[in-house]
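> Prediction below, plus the sequence it came from.
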Amino acid sequence: MVVCGGLVAVEPGFPLPVLTPVAPGTSEDVSERLLRVLTESMREQLRDAGQYADLTARSLVDGSGPGRLLSWVARRHDARVTVHDGFDEEAWPEEVRGAEGVQQLRPLVRGLASAPVRLTTRGGHVQVWPVGAEAPFRLLMASRARPWSAQTQVTMGQVAMVVAGLLREESITTREVRLKTAVEAARTSAFQFLVVGDVYTAQRTIGPLAPGLLGAEAIQIAIAETAPGEARTTLAAEVETALGEARAMPVLCPVEDGQVIVLWDASQGLVQSVLEPVAQGAQGRAVGVSGRGSLERTPMLYETAAASVPAARRMPTSVAVHDGRPALEKLLDPSARAWARQLLAPVEVELPDALERKQFFTVCRTAIMIGATGTANLLGRHRQTIASRLDDLTRLVGLDRTWLADRMTLDLALRLADLDAPAPGTVPAAGMTDALDQEAARVWGQTVLADLPPRLLNALVAWARSGLNIQHAARELDISRNTLSEWLREASGYVKLPLSKDRPGKQHEAVWALHVTGRVPLSSTDWWT
């Protein structure tokens, strides 16, 4: 019973509402006060209806289930309102499990009884509704200390229907999330198979989800990178929308958290024209694009796309396409290839099977290119497994991968071993320095360094001479470590090579360019050791 506006109002739901004046007044006064009571009651109902509708709509949009609505209903009716699995009786509230007539709930769960079931417990009143699309149903249990009025019973019946709908949406959302996660995992697996040269397994893994793509004669690879502070999910959604129904496959990069990789059937046109609007959708995004190549060339296409990302940050369109600059190893004469095969000959003895040997070399080459951790993420293997492969390789060829010079030697040899064998009888080069001592290599190096401003070129030389030690190079240049790091990031865009620590293979290319142009002698003792 409540007092409002000079009137005593009995709670709705009683058989006959009674109003008793508590202050003197005329009939007009009573009428005015009654009108105020009714108006405020209607306003309160409208506010409740608005909040109820808003909570329901928000839960439907985000698929978050009925939790927020149930909390609001519980506060509004001073009750405990929860949803429970029908068969999990041990998880039901204690007051329900101990109530007389609780056995009535079992047929409710199986859809064999009508709702609601009302129970009276020690110190409480409970009503139970089945919720869900079909049996076995979950149970909506609402309990409170005072009895439920007729109106609140109707309200709870409406709540039960809405909760049933929200639970259905929650279930659909959960299934959608699981399906999306499974698709992303399949795409990543297919890309990992392509990186190690297993096109057949990649086709079987992703074929139905990317019809026609893995049968393409030529593909392009693009790498889209988020703007600073941007969530990758935002970028990935825009990439998906831009690709539409094209023969393409987006992959969440397993190496870089801020990147989305796109494999694109090159017969459809240029992928950069599709992704340029995405690149310009947020300030600070960048898209690096490879040239064209077969699926078997996926590792190289991925590397050239990654190398184009720093250059994209300097472009007005935020997109950079690999400029067609040939790889250094392809410019070297047969003596370099003969040297590489001579160096790696012990591996052929250890692994006589050609396919096994090729996959071993691919893993090791990738590990030298993007590091053991990056390779483990890229291929979905344990880091220690990748490190063991590198240890096996260096043991077989007699090198030490903790030395920069030996890592660079292995890098060049593995790149050369991926090319056609030299003619029989070709005299091998005497070593890495001899293999690089060619005019074609010098022209390549000049091309790499051509656009570098003097300040950045000097920084690059000091960094290379110090064995890629930023602290030592910064001390030599009399600048801070952070300044040198920023200069190297800036230089990455000019030389079109990501010079970050997690791309050691591209760092090697920068050092080779400095060496073949006469700026960094590889025989220098302080660098070599």
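In hand now; what should we look at? Numbers count the residues shown, from 1 in each chain.
> Show the low-confidence segments of the protein, by residue range.
1-25, 37-64, 169-177, 523-529 (pLDDT under 70).
> how about the strands in it?
2-4, 7-9, 19-21, 80-84, 117-121, 124-131, 138-144, 219-225, 248-252, 259-265, 286-289, 319-321 (DSSP state E).
> May I see the ones you listed arranged in JSON lines, with mean neighbour count and distance to residue 492 as well?
For glycine as for every other residue, the C-beta is placed from the backbone atoms N, C-alpha and C. Formatted as JSON lines, those follow (neighbours: other Cβ atoms under 10 Å; distance: least, Cβ to Cβ, whole Å):
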{"stretch": "strand 2-4", "mean neighbour count": "10", "distance to residue 492": "73"}
{"stretch": "strand 7-9", "mean neighbour count": "16", "distance to residue 492": "76"}
{"stretch": "strand 19-21", "mean neighbour count": "11", "distance to residue 492": "82"}
{"stretch": "strand 80-84", "mean neighbour count": "19", "distance to residue 492": "54"}
{"stretch": "strand 117-121", "mean neighbour count": "17", "distance to residue 492": "69"}
{"stretch": "strand 124-131", "mean neighbour count": "22", "distance to residue 492": "57"}
{"stretch": "strand 138-144", "mean neighbour count": "23", "distance to residue 492": "56"}
{"stretch": "strand 219-225", "mean neighbour count": "28", "distance to residue 492": "13"}
{"stretch": "strand 248-252", "mean neighbour count": "22", "distance to residue 492": "23"}
{"stretch": "strand 259-265", "mean neighbour count": "25", "distance to residue 492": "15"}
{"stretch": "strand 286-289", "mean neighbour count": "27", "distance to residue 492": "11"}
{"stretch": "strand 319-321", "mean neighbour count": "24", "distance to residue 492": "11"}
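> do you know which of those strands lies nearest residue 107?
strand 117-121 (9.0 Å; Cβ to Cβ).
> What is that closest one packed up against?
helix 94-97, strand 124-131 (3 or more Cβ pairs under 8 Å, 6 or more residues apart in numbering; DSSP states H and E).
> Please compute how far that strand lies from its chain's middle.
49 Å (Cα atoms, centre = their mean, to the nearest Å).
> Partner strands of it and their direction?
On the basis of DSSP bridges, the sheet neighbours of strand 117-121 come out as strand 124-131 (antiparallel).
> which outside residues touch the strand it pairs with?
Strand 124-131 has contacts (Cβ atoms under 8 Å, 6 or more residues apart in numbering) with 83, 86, 95-96, 99, 105, 108-109, 111, 115-120, 137-148, 153, 156-157, 160, 163-164, 167.
> and what of stretch 345-365?
Outside stretch 345-365, the residues that reach it (Cβ under 8 Å, 6+ apart) are 195-198, 299, 344, 375, 379, 386, 389-390, 392-393, 396-397, 410-411, 414-415, 417-418.
> what comes up buried for that stretch?
347, 351, 357, 359, 360, 361, 362, 363, 364, 365 (16 or more other Cβ atoms under 10 Å).
> What is the end-to-end distance of that stretch?
End-to-end distance of stretch 345-365 (Cα to Cα, to the nearest Å): 16 Å.
> who touches the nearest residue to residue 92 once chain neighbours are set aside in this structure?
Of all residues not flanking residue 92 in the chain, residue 84 sits nearest, at 5.5 Å (Cβ to Cβ, 6 or more residues apart in numbering). By Cβ under 8 Å, 6+ apart, the contact list for residue 84 reads 91, 92, 93, 138, 139, 141.
> dump the residue contacts of the first one.
Read that as residue 91. 84, 85.
> Distance-wise, check it relative to residue 85.
7 Å (Cβ to Cβ, to the nearest Å).
> Same check on the fifth one?
Residue 139 is 8 Å from residue 85, where distance means Cβ to Cβ.
> same deal with the fourth one?
Separation of residue 138 from residue 85 (Cβ to Cβ): 6 Å.
> picking that back up, restricted to helices, list the buried residues of stretch 345-365.
347, 357, 359, 360, 361, 362, 363, 364, 365 (DSSP state H).
> Can you show me the helices along the stretch 201-350 of the chain?
232-243, 271-279, 298-312, 328-331, 334-350 (DSSP state H, counting those that start in this stretch).
> Can you check which of those gets nearest to residue 487?
helix 298-312 (12.9 Å).
> elements contacting that closest one?
helix 150-195, strand 219-225, strand 259-265, strand 286-289, strand 319-321, helix 354-379, helix 481-495, helix 504-516.
> one more time with 6 Å
helix 150-195, strand 219-225, strand 286-289, strand 319-321, helix 481-495 (3 or more Cβ pairs under 6 Å, 6 or more residues apart in numbering; DSSP states H and E).
> Quick check: which of these is nearest to residue 331?
Using Cβ to Cβ, the nearest of the helices and strands packed on helix 298-312 to residue 331 is helix 481-495, at 16.7 Å.
> Check which residues of that closest one are buried.
484, 485, 487, 488, 490, 491, 492, 493, 494, 495.
> do the same with stretch 142-160
Those would be 142, 143, 144, 148, 152, 155, 156, 159, 160, for stretch 142-160 by 16+ other Cβ under 10 Å.
> picking that back up, ok, which pair from the buried residues of stretch 345-365 is furthest apart?
351 and 365 (14.5 Å).
> Return the residues in contact with residue 339.
428, 429, 435 (Cβ atoms under 6 Å, 6 or more residues apart in numbering).
> let's go with 10 Å and repeat that
332, 409, 412-413, 416, 422, 426-432, 434-435 (Cβ atoms under 10 Å, 6 or more residues apart in numbering).
> Just the buried ones from these?
For the contacts of residue 339, buried by 16+ other Cβ under 10 Å: 332, 409, 412, 413, 416, 422, 426, 428, 429, 432, 435.
> from these, which is closest to residue 248?
Taking the buried ones among the contacts of residue 339 together and measuring to residue 248 by Cβ to Cβ, the closest member is residue 416, at 32.5 Å.
> so who does that closest one touch?
Taking Cβ under 10 Å, 6+ apart, one finds 328-330, 332, 334, 336-341, 343-344, 422, 429, 435 in contact with residue 416.
> Name the nearest residue to it, sequence neighbours excluded.
residue 340 (3.6 Å).
> can you tell me how far that neighbour sits from residue 520?
22 Å.
> Ok, residue 270 next?
Distance, residue 270 to residue 520, by Cβ to Cβ: 37 Å.
> ok, the two, which is more surrounded?
Using other Cβ atoms under 10 Å, the more surrounded residue of residue 270 and residue 520 is residue 520, with 20 against 15.
> So residue 388 sits against residue 401, correct?
No: taking contacts as Cβ atoms under 10 Å, residue 388 lies outside contact range of residue 401: 11.7 Å.
> List the residues that are in contact with both of the two.
residue 372.
> who's more crowded, these two?
Taking other Cβ under 10 Å, residue 388 and residue 401 do not tie; residue 401 has more neighbours (19 against 12).
> My read is that the residue nearest to residue 416 contacts residue 432, right?
Yes: contact criterion Cβ under 10 Å: residue 340 and residue 432 qualify, at 9.5 Å.
> and the spatially most central residue of the chain, what does it touch?
In the chain, the residue lying closest to the centroid (Cα atoms, centre = their mean) is residue 252, at 5.0 Å. Residues near residue 252 by Cβ under 10 Å, 6+ apart: 184, 185, 187, 188, 191, 232, 233, 235, 236, 259, 260, 261.
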